[in-house]
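Enquirer: Give me a 3D structure for the following:
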Amino acid sequence: MVPKDGGNIYRSSIIKEAIRVQNVAANVTDISDKGDETIALNDICWKASCTVNSITKYFQNSMVHFEFYEKYGLEMEHFALQQLPVLSDHVGRGALHAAEECLEDGDSLPSSMSDCPCLSAFGSPMNLYNTYLGGFSDGAESNYTLFLDSVAFVSSYLNYNYADDDKNEPAIKWEREYIKTMKEEADTVFDVYFYAKISVNDEVNAESSNGMGPVALSYCLMIIYISLGIDRIKLSREFFISSKIVTGFCGVMSTVCGVTSTIGICMWFGVNLQLIIMEVVPFLSLAIARLFIKLEHNPMAIEEITTTILSESLAYIGPSIFMAPPAESVAFAFGSISPMPVVLWFAAMACCAVVINLCLQMTLFLSVLTLEKRRELSSKYDIIFKRASYVK
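Expert: Just a heads-up that it's a prediction; the model follows:
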C-alpha cells in the first residue's frame, strides 16, 4: 500500500486507513454457489492466530486498539517505538498505564493491550521493518528512526501450502475471492497492489482462453514466410521447376507434427495446454535455419544421383545440425527443474518438442528433400503449379 499523496507512512490517518484495508482483506470469505460452505482466512492460514506480517501489528491490526491510542494521543508515540521489543513494550506499558489513570468514564484498557502492547496478535515482536515497510532510506538498517520515513506498507498473509494439490483447493478458492475483493476495493488514500499464489496460473489460463486469434495469425504468417522465403524466387522460364514452395510447406508441417506429438505426450501426463506454450514452442522447435541450410547445401548436379547429393550435403552440415538441438534440449531440461508450474511445463514441452522435431527433420523432411531433388533433376514443375513439365 502506497499513499497516493506521495508522503511517508508516519501519519495517524495513513496508519488508520492501512489497518482498515488490511481488515477488509483479512475478512474475505468465500461462499460456495449453494451457500452451504464458507472458507475464511482462519480456515487456511498458518495458525497462531493467523500469521499476518505487517507493521500495523504494532496495534495488533485492531481498529479498537488504534482508536484507544488515538483518543489519548498516544498512537504516533507508540508507533515510533522502534527499538528492541522488550524496551518498546516497557515504554508502551508505561504510557498505557499512565493513560489508564486518567481514562474517561466508561473507558477501560483492553486486556490484550496491558501486557505486551508492541507484540503482534500471534505473539511475535514486529521488528523486521525491512520486511514490513518499503521505500525507506539506505541507512535505516543502522538507524531505525529512518524507517518512519518509509513510503509503503508491505503485508503478507501466510497460508498452508500442501504438496497434495487437492488439499490446497480451499486456499485457492479463498485467494480468488481475495483477488476479487481487492479489485473491487476503492481506496482514496492508497494505491493498493496485491498478489496471491494463484495469480500467475489464473492469468495464464485467462490469456490461454482469450488470445488464440493472434496465435493462429502468427502460425499462418509463419507458414507463408517459410513456404515462400525458402525459395529464392527468380522470374525465369525455370521458375516453376526450381520452386521449393511445397518443400518449405512440408518443412513447416514436420514441425507441426513434432509439436502436436509433444502436446499429446504431455497432455497424456495430465499437463494443461497453455497459451504461452502454443505461442513459443513451435517457433523454438521450428529451427528455420536448419531448413534453409539443408536446401542451400543441396546443389543442382545432374551428373550425380540424388542420394549422393543428399549424402554429401548432410555430411557437410550434419555435425552442426546434430549439435544444436541436443544443446537446446539440455538447456530446456534444466529449466524444468523450476518449481513454478508454468515454467516447468513450458521447459519440459520445449525440450520434448526440440528432440521430436530433430527426429522428424532428419527422417521425414529428408524424404521430402529426396523427392524434391528427383523432381528438380527431372525438370518437372513444383506440384503446386499443376502444369505440364517444361522441356528444353
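Enquirer: Go ahead and flag the most central residue of the protein.
Expert: V200 (4.7 Å; Cα atoms, centre = their mean).
Enquirer: how about A152, phi and psi?
Expert: Backbone dihedrals for A152, given as degrees, to the nearest 10, come out at phi -150, psi 140.
Enquirer: Near it, how many other residues are there?
Expert: Using other Cβ atoms under 10 Å, A152 has 17 neighbouring residues. The way it works is simple: take the backbone N, C-alpha and C, and place the C-beta from them, glycine included.
Enquirer: quick revisit: would you mind listing the residues in contact with the residue nearest to the centre of the chain?
Expert: Counting by Cβ atoms under 8 Å, 6 or more residues apart in numbering, V200 makes contact with M340, V342.
Enquirer: Quickly find the element holding it.
Expert: Using DSSP states H and E, V200 maps to helix 199-210.
Enquirer: give me the number of residues near the closest residue to W345 other than its chain neighbours?
Expert: Counting by Cβ to Cβ, 6 or more residues apart in numbering, W345 lies nearest to V271, which is 5.1 Å off, once chain neighbours are set aside. For V271, the neighbour count with other Cβ under 10 Å is 17.
Enquirer: Surely V271 and A347 touch.
Expert: No - in this structure V271 lies outside contact range of A347 using Cβ atoms under 8 Å: 11.8 Å.
Enquirer: how much space between the residue nearest to W345 and A348?
Expert: 8 Å (Cβ to Cβ, to the nearest Å).
Enquirer: re the thing from before, ok, so what distance separates the residue nearest to the centre of the chain from T308?
Expert: 54 Å.
Enquirer: How about S13?
Expert: 86 Å.
Enquirer: P339 now?
Expert: 52 Å.
Enquirer: Which of those two has more residues huddled nearby?
Expert: Neighbour tally, P339 and T308, criterion other Cβ under 10 Å: the higher count belongs to T308, 11 against 6.
Enquirer: Next SSE downstream of the helix or strand containing that one?
Expert: Using DSSP H and E, T308 maps to helix 306-335. Downstream of helix 306-335, the next assigned helix or strand under DSSP H and E is helix 341-361.
Enquirer: by how many degrees do that following helix and helix 306-335 diverge?
Expert: 170 degrees (axes from the mean of the first three to the mean of the last three Cα atoms, to 10 degrees).
Enquirer: Name the residues of the next helix or strand after helix 341-361 that are buried.
Expert: Toward the C-terminus, helix 341-361 is succeeded by helix 364-377 as the next helix or strand (DSSP H and E). Neighbour-count burial for helix 364-377, counted by 16 or more other Cβ atoms under 10 Å, picks out L364, F365, L366, V368, L369, E372, K373, R375, E376, L377.
Enquirer: so what's the fourth one up against?
Expert: Translated: V368. Contacts of V368 by Cβ under 8 Å, 6+ apart are T247, C250, G251, S254.
Enquirer: So which of those is surrounded by the most neighbours?
Expert: G251 (29 neighbours).
Enquirer: Assign a three-state SS to that one, would you?
Expert: Following DSSP: H, G, I helix; E, B strand; the rest coil, G251 is assigned to helix.
Enquirer: Would you confirm that it contacts I223?
Expert: No - using Cβ under 8 Å, G251 is not in contact with I223; the gap is 9.9 Å.
Enquirer: now the strands for the stretch 151-300 of the chain?
Expert: Remark: strands assigned in the stretch 151-300 of the chain by DSSP state E, counting those that start in this stretch are 152-153, 156-157, 190-191.
Enquirer: List the contacts of the second one.
Expert: This means strand 156-157. A25, A26, L41, C45, C50, T51, V52, N53, S54.
Enquirer: Let's see which of those end up in strands.
Expert: V52, N53 (DSSP state E).
Enquirer: now, among the contacts of strand 156-157, which is nearest to L217?
Expert: Using Cβ to Cβ, A25 comes nearest to L217 of the contacts of strand 156-157, at 40.5 Å.
Enquirer: Could you report the neighbour count for that closest one?
Expert: With other Cβ under 10 Å as criterion, A25 counts 17.
Enquirer: Equivalent analysis for Y58, please.
Expert: 27.
Enquirer: The nearest residue to Y178 once chain neighbours are set aside: how many residues sit nearby?
Expert: Using Cβ to Cβ, 6+ apart and skipping the chain neighbours, the partner closest in space to Y178 is V28 (4.7 Å). Using other Cβ under 10 Å, the number of residues around V28 comes to 19.
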